[in-house]
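Chemist: this one's structure only:
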């Protein structure tokens, strides 16, 4: 049992990483009032783009960047509809998910079940040899560490800079922000594209490191879980990381439960992340005070500036 | 030069009908560069996509057969969308409905009872409703987003189906394939015309179209739902209970999706397998929007999307293009539709910067 | 422009701001038509006009939030293009909006920081806020979250935000609509201090007494055009009103009140707990409204009016015997049940609450009038709905493109007439009206007030919430004051002292010691 704990914890951090990227991007977008249900589609586009780039021989970080760029570009489809034309944000996000799923399946068709070399892990010199935390914390691939750096950067941006403050006030009242003179539409485009880029990066991590191969619809609902994580985190970056670790742990659990000698049907274990998502959503939604203070008031409401 | 959208005081009615047609045209035009990039001849590919599937009696039968569940699910979803209740879990309700109907078929099929098919339909409806009751309960009692809950339940339902066809409901003589036994004839819909797969279940769908029209356009409850979706503050002011609207929307869409699942299982499939829906739950969302959330529009929207499905299969068979391309086109159709819809309540002006 | 002089005001210099022939087409109507305006250094200039005259649009153009279609603007004699609010700020124009552009989930200092173009340093800013606040008597604690502040305090934040930019021109849009009378007087003191220091002030309002008390000169707008340039010290209120409306102000007839002995609507020790920190708690409210009378509730917005209206109409439910209708406990009943007993309600917001913006007037009639035989067997009787809608339109003289016109296509005054007309046509036993003439032009407002009086004289019990004290004194028989969730006793209007009511609105005085 002891020997399983280390791979489990390591696996948790790895499994949490794509969720952190995708959900953090969506968190910033939602803080500005934009609800993008297209995260699943953007992750898939990022995944297939990164895989194709790596398959063509480019180094991993180029592939990851390509995935991020593809995610950001695809988010524009949603952005034009939801931000530019003030269309219904739920439907626009669903359109993006459907297109993303279709396009990625289509592009990835010829990569079906191919593999690429996974991203090499970083071995931090002395610390990685520490007895327990060494392998878990100090022997991960760079993108795991980057995800945590991203969290710190987003937190600092939102709560310590003027630009982040502007994003937050736009999320509360775009009309008032516009009256003061901020280009609400332009800023919402930027946050949407940031969300897309991060979702693409999360997808890239899936196809480059988590399981370095391509399968159609390989995100298996992670984009939706990312959306739920943003709510669970009450739109706060560090809480989001906690949530991602929780889910990472749960999705890893099913791989290791046999080691614990329990006979549980595999489908039941596979359903754990989804059931758990529902459970945490219920838990957080029951507290209206926390939500009222943190939920962006204008979230998902179409906004057209009057000129 | 700047493009500015100006709100209109009154809607442009012509655009309501024109928007889906504009969206279709735009999708077709947008597909041309993609097809060219694939090295395909756009004109002949589009012909295979849109014209060939309808070229034979069998083709027409398949077209109507596939449109039937799409229309039925979309009718249920439209009721909810009007009330701003976003049921993304139609896939799961479809699956659970099929499971419940399938269970009845496997246990009572041998007896050749006349009541079996209606009972299966009821079971499908109840199954779908039970699955929809979960997000309804969580939304009304715990203020939880029905979008995320119903979506998560899609995956759970698929896993339950997988477990059942691999285990308890597996065909004992099926060589360990993940599938149930084929249903007995009394548990299946009889074909409408011999030799074709189209069956009597399309009458159920047509009946549902009429019932939906009555409900949405003529009933007071339907009016309450429209108000609830358009202006929740006005609904509260007028005394329309939001909780009731949420339950009603989700239960209706659950029942519709569940019956559609039963129709698929007792019709073209004839058994349960791990994958019983080629994404009907999501396609139905597109049908609902293309159909302007109105029953007659949904009828046409269902026929259109059914054609897209068949075209995708045809192109896959003759040109070896993966079926996911058709899914992209479905998504693009929704995208262009949402863009065209903007013109109903806004006019476009060019302004000097 | 003859008028009072202030020490330090410069005369004979180029005007600070001049508008020439400014026009703007907005939302399909000509909001501003060839408007010209001129204001000198250290002057307080009023822009006077009724609701819908084009004042707010004009201020948005000056403030850079909107671009004029034609005409020019001169700042200190030089032509300028006010391309954005930031550009206007850089020139030295500060705006205090009517509807504050403040953000509730962040602090006072952060609210002010977002509107300033300087470096982001909250600690230094807090110091400046305290210092400036002390100088002008606008005290506010910089690190408090905005939603903890009262409406009056929030206006101080809005004003401080404008002052911290060291403005040369300060525009105030209907600033006293959220202030008790004493606070308004204090505000005037601040404005006079600013003018004395050389700042020009544009004061936008529809309140005639304020213009006469505060301003040196006034531009009067009617239907988008400048109809007069007046010296308030030399024209009386009636004269100003005539210029504003174009005719004599319609008078409201109020016959004697024949009050029934038994209360139709009663609140008994009504208390509520707010769901979050953003709402006001009601504390031990007792109230009685009888058939045949109009009871008014005065108070600055944000003191519990919406919560009280909500508790009485049924949108929030509570203890059964906290609200009595014809003697029966209804506190636990929902809106539908109370409406079935004869309650009708005119809400604060027209679009989004009183009516659905994109739905036609026929559907909006069905919204609350469905019990008038418009439904049979669960199905809507369209012919009857259409007939009722048309009769309301005709009876109340509503200007619209027919009964199938969407609610949002009506002007504010016409939509309000429709909503009030719809509720009146229900022949209610009790009508609760919140801000019944807010944002409505003078003619429609007079009509609405008369309709309310006529309704009460026909036997209904009316409860009216309003922020306009004059309106309440004009139509009500008894008046009470609400302050921070507590209600004073209702005293008869005849013989009511404005000062006492004003004090009560600020929470001072004996009114709250013995609430009946």
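Modeler: Alright, I've got the coordinates. Just so it is clear, the structure is predicted and the values come from calculations on it, not from any experiment. Numbering: from 1, shown residues only, chains lettered A, B, ... in the order given.
Chemist: residues near residue 304, how many?
Modeler: Going with chain A. Look at residue A:304: counted by other Cβ atoms under 10 Å in any protein chain shown, it has 18 neighbours. Every C-beta, even on glycine, is put in place using the N, C-alpha and C of the backbone.
Chemist: to clarify, I was referring to chain C.
Modeler: Residue C:304 has 27 neighbouring residues, counting by other Cβ under 10 Å.
Chemist: ok, residue C:30 next?
Modeler: For residue C:30, using other Cβ under 10 Å, the count is 16.
Chemist: can I assume it sits in a strand?
Modeler: Yes. Using DSSP: H, G, I helix; E, B strand; the rest coil, the assignment for residue C:30 is a strand.
Chemist: my read is that residue A:64 contacts residue A:50, right?
Modeler: Yes. Counting by Cβ atoms under 8 Å, residue A:50 is a contact partner of residue A:64 at 5.7 Å.
Chemist: overlap in contacts, the two.
Modeler: A:204, A:208 (Cβ atoms under 8 Å, 6 or more residues apart in numbering or on different chains).
Chemist: of those two, who's got more company?
Modeler: Under the criterion of other Cβ under 10 Å, the comparison of residue A:64 against residue A:50 puts residue A:50 first, with 33 against 28.
Chemist: now do the same contact list for that one.
Modeler: A:63-64, A:66-67, A:70, A:200, A:203-204, A:207-208.
Chemist: mind checking which of these land in strands?
Modeler: Using DSSP state E, no member of these sits in strands.
Chemist: would you turn the residues you listed into a markdown table with distance to residue B:306 and pLDDT?
Modeler: Shown next, in a markdown table, are the contacts of residue A:50 (distance: Cβ to Cβ, whole Å; pLDDT from 0 to 100):
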| residue | distance to residue B:306 | pLDDT |
| --- | --- | --- |
| A:63 | 39 | 92 |
| A:64 | 40 | 93 |
| A:66 | 36 | 95 |
| A:67 | 34 | 95 |
| A:70 | 31 | 97 |
| A:200 | 33 | 97 |
| A:203 | 31 | 95 |
| A:204 | 35 | 94 |
| A:207 | 33 | 90 |
| A:208 | 38 | 88 |
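Chemist: what's the most distant pair in those residues?
Modeler: The span of the contacts of residue A:50, defined through Cβ to Cβ, is set by A:70 and A:208 at 13.2 Å.
Chemist: tell me how chain C divides into domains.
Modeler: Chain C breaks down into these domains under automatic domain parsing: C:17-245, C:250-342+C:428-516, C:357-426.
Chemist: what bits of the stretch 251-353 of chain B have low per-residue confidence?
Modeler: The stretch 251-353 of chain B contains residues with pLDDT under 70 at B:352-353.
Chemist: which of the contacts of residue A:50 count as buried?
Modeler: Among the contacts of residue A:50, those buried by neighbour count (16 or more other Cβ atoms under 10 Å in any protein chain shown) are A:63-64, A:66-67, A:70, A:200, A:203-204, A:207-208.
Chemist: so for chain A, which of the domains of chain C sits nearest?
Modeler: Of all those, it is domain C:17-245 that lies closest to chain A, at 3.2 Å by Cβ to the nearest Cβ.
Chemist: for that closest one, give the mean pLDDT please.
Modeler: Averaging pLDDT along domain C:17-245 yields 88.
Chemist: same question for stretch A:94-107.
Modeler: Computed over stretch A:94-107, the average pLDDT equals 93.
Chemist: related to what we said a few turns ago, so which of the buried ones among the contacts of residue A:50 also contact chain B?
Modeler: With Cβ under 8 Å from any Cβ of the partner chain as the criterion, the buried ones among the contacts of residue A:50 include none near chain B.
Chemist: among the residues you listed, which lie within helices?
Modeler: In this view, these that belong to helices under DSSP state H are A:63-64, A:66-67, A:70, A:200, A:203-204.
Chemist: wait, which of those residues is closest to chain C?
Modeler: residue A:200 (30.1 Å).
Chemist: how close does that closest one get to chain B?
Modeler: Plainly put, residue A:200 is 17 Å away from chain B if you go by Cβ to the nearest Cβ, to the nearest Å.
Chemist: would you mind listing what in the stretch 401-516 of chain C touches chain B?
Modeler: C:401, C:405-406, C:408-409.
Chemist: the same query, at a cut-off of 7 Å, please.
Modeler: Contact residues, the stretch 401-516 of chain C versus chain B (Cβ under 7 Å from any Cβ of the partner chain): C:405-406, C:408-409.
Chemist: out of those residues, who has the most neighbours?
Modeler: residue C:406 (22 neighbours).
Chemist: I figured it hits residue C:358, correct?
Modeler: Yes. Judged on Cβ atoms under 7 Å, residue C:406 makes contact with residue C:358 at a distance of 5.3 Å.
Chemist: which secondary structure element of chain A has the lowest mean pLDDT?
Modeler: Least confident helix or strand, chain A: helix A:133-137 with a mean of 70, by mean pLDDT, DSSP states H and E.
Chemist: what residues go with each domain of chain B?
Modeler: Taking automatic domain parsing as the criterion, chain B consists of the domains B:1-40+B:325-353, B:41-320.
Chemist: looking at these, which is nearest to chain A?
Modeler: Per Cβ to the nearest Cβ, nearest to chain A of these: domain B:1-40+B:325-353, 3.2 Å.
Chemist: okay, now residue B:195: neighbour count?
Modeler: Neighbours of residue B:195 (other Cβ under 10 Å): 8.
Chemist: list the contacts for it?
Modeler: If you count contacts by Cβ atoms under 7 Å, 6 or more residues apart in numbering or on different chains, residue B:195 has none.
Chemist: surely it is in a strand?
Modeler: No. Secondary structure of residue B:195 (three-state DSSP): coil, not part of a strand.
Chemist: that older thread, ranking the domains of chain B by burial, who's on top?
Modeler: Stretch with highest mean neighbour count among the domains of chain B: domain B:41-320 (a mean of 21; mean count of other Cβ atoms under 10 Å in any protein chain shown).
Chemist: show me where the stretch 51-200 of chain B has helices.
Modeler: For the stretch 51-200 of chain B, applying DSSP state H, counting those that start in this stretch gives helices covering B:57-82, B:90-108, B:116-142, B:146-166.
Chemist: which one of the ones you listed lies closest to residue A:168?
Modeler: For residue A:168, the closest of those is helix B:146-166, at 23.0 Å, according to Cβ to Cβ.
Chemist: please enumerate the strands of chain B.
Modeler: Along chain B, the stretches classed as strands by DSSP E are B:2-7, B:346-351.
Chemist: hmm, the last one touching chain A?
Modeler: No. Using Cβ under 7 Å from any Cβ as the criterion, no contacts between strand B:346-351 and chain A are found, and the smallest distance is 7.7 Å.
Chemist: that strand to strand B:2-7, inter-axis angle?
Modeler: 150 degrees (axes from the mean of the first three to the mean of the last three Cα atoms, to 10 degrees).
Chemist: is chain C contacted by strand B:346-351?
Modeler: No. Contact of strand B:346-351 with chain C (Cβ under 7 Å from any Cβ) is absent, the minimum separation being 8.7 Å.
Chemist: each with direction, which strands does that strand pair with?
Modeler: Using DSSP bridges, strand B:346-351 pairs in its sheet with strand B:2-7 (antiparallel).
Chemist: show me what the partner strand is in contact with.
Modeler: Against strand B:2-7 from outside (Cβ under 7 Å, 6+ apart): A:304, A:307, B:342, B:345-351, B:353.
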